[in-house]
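A.B. asks: Need coordinates for the below:
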Amino acid sequence: MTTPHTITLPAVCQQRIASLLASGKRKILGIAATPGAGKSTLAQAIAVHFGEAVQVVPMDGFHLANSELHRLGRRQRKGAPDTFDAAGYVNLMRRIHTQSADEVVYAPEYRREVEEAIAGAIAVQPQTRLIVTEGNYLLLDASPWCQLREVLDEIWYLEVADDLRYTRLLARHIQFGKSEQQARDWIASTDEPNAVHIAAGRARADVCVPWC
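C.D. replies: Numbers count the residues shown, from 1 in each chain. Below you'll find the predicted structure:
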């Protein structure tokens, strides 16, 4: 099984991160991609490679609670842009961008085992030079997502073969409780329509990274 500890970062990733770190100032790197592309794995691999200089703050912590998705009638579309607190996420990135030297910023973390976000689970320390945030919708041109460009120093887009991405998605959904047929139905009705929407933002990325 591939883990962040066993991944060799592509040269382009190492070079660009080294450039971001060289400034000595707080930088924020965004990683965008379609579901199952490996955003979380790459982000964690960067953190492993660069150690204490890097902290990961995922977008997934801003999933709306399942109870709210039920109230809004969006539970079966969980993962679509309107099932996140997008404004809250943008505002967190702004706080991290302007974080003072004596401030700890707390961020939520999504736990797949319970399919809910846990508030205050990630403590962003002021001395951390590079924050890596990853999520599906960092390159959307709709508001408020488009405001991320004001605070993110770079946004990468990960490219991965569709068959590999599908295999990863299927395994993930089954791992967290869906039957194989339920997983395939969810991919067809939710993940793949979202993927088309996300891929449309590819051209707005600072760099496209092949990722397998």
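A.B. asks: buried residues in the longest strand along the chain?
C.D. replies: Looking across the chain with DSSP state E, the single longest strand is strand 116-124. By neighbour count, and taking 16 or more other C-beta atoms under 10 Å as the criterion, the buried residues in strand 116-124 are 117, 122, 124. Heads up, the C-betas are built off the backbone N, CA and C, glycines and all.
A.B. asks: Could you point out the helix or strand that follows the lengthiest helix in the chain?
C.D. replies: Within the chain, and with DSSP state H defining each element, the longest helix by residue count is helix 162-175. Towards the C-terminus, the helix or strand next in line after helix 162-175, according to DSSP states H and E, is helix 180-186.
A.B. asks: ok, E113 - contacts?
C.D. replies: Contacts here follow C-beta atoms under 8 Å, 6 or more residues apart in numbering; on that basis E113 touches F176.
A.B. asks: before we move on, what about the one 4 residues further on?
C.D. replies: For A117, the contact set (C-beta under 8 Å, 6+ apart) comprises 60-63, 65, 108-111.
A.B. asks: and with 10 Å instead?
C.D. replies: For A117, the contacting residues are 58, 60-65, 84-85, 107-111, by C-beta atoms under 10 Å, 6 or more residues apart in numbering.
A.B. asks: hang on, G135 packs against D60?
C.D. replies: Yes - counting by C-beta atoms under 10 Å, D60 is a contact partner of G135 at 6.4 Å.
A.B. asks: Which neighbours do the two have in common?
C.D. replies: Listed contacts common to G135 and D60 are 39-40, 84, 89; contacts here mean C-beta under 10 Å, 6+ apart.
A.B. asks: ends of stretch 25-34, how far apart?
C.D. replies: Terminal residues of stretch 25-34 are spaced 30 Å apart (C-alpha to C-alpha, to the nearest Å).
A.B. asks: Quick one: mean pLDDT over that stretch.
C.D. replies: Taken as a whole, stretch 25-34 has a mean pLDDT of 96.
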